[in-house]
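Q: return atomic coordinates for the entry below.
(one chain, ligands or ions: 1)
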Amino acid sequence: MRYIRDMNLAPDVCYQALASRDHRFDGQFVVGVTSTGIYCRPICRVRCPKLDHCRFFVHPAAAERAGFRPCLRCRPELAPGLAIQAAGIASDIPPALSEEEASS
Ligand SMILES: [Zn+2]
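A: Numbering: from 1, shown residues only. Okay, here's the model as predicted:
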């Protein structure tokens with residue numbers, strides 16, 4: 001199984017950080033959840049997914065390339081140190097939902 005391609009982040013270490021919402025790891029990686037198609041920062045408040053459903057990426061752009069969408073709670077694509085613009089994939093990020101859209 002392929003988790004991390006280009007960094008020394010072991011899946012079990014990432015999962016530990018995720019399970020404990022370890023702030024030291026915020027900005028180090030994002031986690032894509034295969035059951036939801038969403039990727040998150042390690043500090044996200046959503047329920048911790050099963051390890052089987054986790055794919056770890058060192059950059060949001062990598063998660064997007066793998067088909068994951070950014071979580072609307074923790075906004076991994078905007079996180080300090082992770083800003084997706086840094087990867088040169090700016091532009092087509094959809095704007096935040098307006099109030100009406102969000103409440104309908
Ligand atoms: Zn999240």
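
Q: buried ones in the host helix or strand of C14, by neighbour count?
A: Secondary structure assigned from DSSP states H and E places C14 in helix 11-20. Of all the residues in helix 11-20, those buried under the rule 16 or more other CB atoms under 10 Å are V13, C14, Y15, A17, L18. C-beta coordinates here come from the backbone N, C-alpha and C atoms, glycine included.

Q: would you list the residues you listed in CSV and tack on distance to D26 and pLDDT?
A: What follows is the buried residues of helix 11-20, written out as CSV (distance: CB to CB, whole Å; pLDDT from 0 to 100):
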residue, distance to D26, pLDDT
V13, 14, 91
C14, 12, 93
Y15, 15, 95
A17, 9, 93
L18, 11, 94
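
Q: can you put the residues you listed in JSON lines and add distance to R41?
A: Shown next, in JSON lines, are these (distance: CB to CB, whole Å):
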{"residue": "V13", "distance to R41": "16"}
{"residue": "C14", "distance to R41": "12"}
{"residue": "Y15", "distance to R41": "14"}
{"residue": "A17", "distance to R41": "10"}
{"residue": "L18", "distance to R41": "9"}
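
Q: so S35 makes contact with L51?
A: No. In this structure, S35 is not within contact of L51 by CB atoms under 8 Å, at 11.8 Å.

Q: burial of the closest residue in space to P70 that isn't next to it in sequence, as a residue count?
A: Across the structure, with CB to CB, 6 or more residues apart in numbering as the measure, the residue nearest P70 apart from its sequence neighbours is E77 (4.3 Å). A count of nearby residues for E77, using other CB atoms under 10 Å, gives 23.

Q: distance check, E77 against I43.
A: Taking CB to CB, to the nearest Å as the criterion, E77 is separated from I43 by 15 Å.

Q: contacts for stretch 30-47?
A: 14, 17-18, 21-23, 25-29, 49-50, 53-57, 59-60, 63-64, 66-71, 73-76, 79, 82 (CB atoms under 8 Å, 6 or more residues apart in numbering).

Q: this completes my enquiry, with thanks.
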